[in-house]
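A.B. asks: quick check, what structure comes out for this input:
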Amino acid sequence: MASAVAEACGNGSDISKWNEYESKLPPYLYEPTGELKEWALACYEENYEHRHTSQLYGLWPAYEGETDNTLFEGARKLIETKNTVLPPTAGDNVAGHGWVHKGLIMARAKSAEGVRDALLAVLTNEMYYASMMTSHDTTGRQAYCTDTAITVPAILMESVVYSDSEVIELAPAIPDEMLSSGGNISGLRSRTGDAIENIEWSDEGISAVINADGDVKVKCARPFAKAVVNGEDVSEKLKTDESYITVSGKAGSGLYLPILQRVHTKF
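C.D. replies: Down below sits the predicted model:
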């Protein structure tokens, strides 16, 4: 990520420096059962009851998991194991930061059910005070803490749209309940550099208005019946082996995707 920023800024010396640092990083390690390990040293045993999951940085906020399937699956397996091992009243299961971190990770892991579970944990317990500030934990009996208050909107945005420097993905992890109730988000900026003026969703379809500087690749995590770009049905133009829809670069390019069927993202 740092190298990409240096390249975008035209700073060749910084690119070399960051590439050198990257070459010295140890590789990711995995348990025989597939979980991504916390430490890059084989001598340390995993502690799945620990309240932090810093080893998931590669999935969020970075997005290495999009191109590294071993990392992607290792991260999913790690959360699955932690959820199994951790007692309901301990560690991440009672801490706001634990649930919101898992919510962000689940959005990147394309798990609509994981996002739903994280949101329910912080929205249906006693985390919110009358001031809309949040508690440190789900009981409401701890100090004020902004972790949940400022992160719930981010989880919602991550579940509605994912982007990297190459592609915009719509509905990567929208829970079925959220899709059925409908909604919209406006004023987003994708990592492709394009402005997403508005995204609107319901169980009938997803529409987006994108101000693209050039052609941008867009995909949808849910199956769709057809693709309509600027009023034109482009379904026939899509190759059978291509999951991307190209939206031509101009102000207010509109994309509409009628949902083909509901799909639970199991986790």
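
A.B. asks: give the buried residues for stretch 57-72.
C.D. replies: When burial is assessed from 16 or more other Cβ atoms under 10 Å, stretch 57-72 yields the following buried residues: 58-60, 63, 65-66, 71-72. (C-beta placed from N, C-alpha, C; glycine too.)

A.B. asks: I'd like to know which of those residues is nearest to Cys220.
C.D. replies: Glu66 (15.5 Å; Cβ to Cβ).

A.B. asks: how much space between Lys219 and Ala208?
C.D. replies: According to Cβ to Cβ, to the nearest Å, Lys219 and Ala208 sit 12 Å apart.

A.B. asks: could you dump the buried residues of stretch 57-72 to CSV with distance to Ala227?
C.D. replies: Output for the buried residues of stretch 57-72, formatted as CSV (distance: Cβ to Cβ, whole Å):
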residue, distance to Ala227
Gly58, 31
Leu59, 28
Trp60, 28
Tyr63, 24
Gly65, 26
Glu66, 22
Leu71, 30
Phe72, 26
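
A.B. asks: give me every residue that touches the closest residue to Pro175 other than its chain neighbours.
C.D. replies: Nearest non-adjacent residue to Pro175, counting by Cβ to Cβ, 6 or more residues apart in numbering: Arg116, 3.8 Å away. Contact analysis of Arg116 by Cβ atoms under 8 Å, 6 or more residues apart in numbering lists 175, 177-178.

A.B. asks: re earlier: compare neighbour counts for Lys219 and Ala208 and give me the winner.
C.D. replies: Ala208 (26 against 17; other Cβ atoms under 10 Å).

A.B. asks: and the gap between the more buried one and Glu232?
C.D. replies: Distance of Ala208 to Glu232, computed by Cβ to Cβ: 15 Å.

A.B. asks: and if you look at Glu7?
C.D. replies: Distance from Glu7 to Glu232, by Cβ to Cβ: 36 Å.

A.B. asks: those two: which is more packed in?
C.D. replies: Set Glu7 next to Glu232 and count neighbours by other Cβ under 10 Å: Glu7 wins out with 13 against 10.

A.B. asks: so which bits of stretch 36-54 are buried?
C.D. replies: Taking 16+ other Cβ under 10 Å as the criterion, stretch 36-54 shows 36-38, 46, 48, 51, 53 as buried.

A.B. asks: as CSV, these with pLDDT, secondary structure and distance to Leu25 would be great.
C.D. replies: Below are the buried residues of stretch 36-54 laid out as CSV (pLDDT from 0 to 100; DSSP: H, G, I helix; E, B strand; the rest coil; distance: Cβ to Cβ, whole Å):
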residue, pLDDT, secondary structure, distance to Leu25
Leu36, 94, strand, 15
Lys37, 94, coil, 14
Glu38, 91, coil, 15
Glu46, 88, coil, 20
Tyr48, 84, coil, 24
Arg51, 72, coil, 25
Thr53, 83, coil, 19
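
A.B. asks: could I get the residues you listed as TSV with distance to Thr84?
C.D. replies: Formatted as TSV, the buried residues of stretch 36-54 follow (distance: Cβ to Cβ, whole Å):
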residue	distance to Thr84
Leu36	15
Lys37	17
Glu38	17
Glu46	13
Tyr48	8
Arg51	16
Thr53	14
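
A.B. asks: which residue packs closest to Ser3, ignoring adjacent ones?
C.D. replies: Trp18 (4.3 Å).

A.B. asks: coming back round to it: which single one of the buried residues of stretch 57-72 is nearest to Arg191?
C.D. replies: Tyr63 (8.2 Å).
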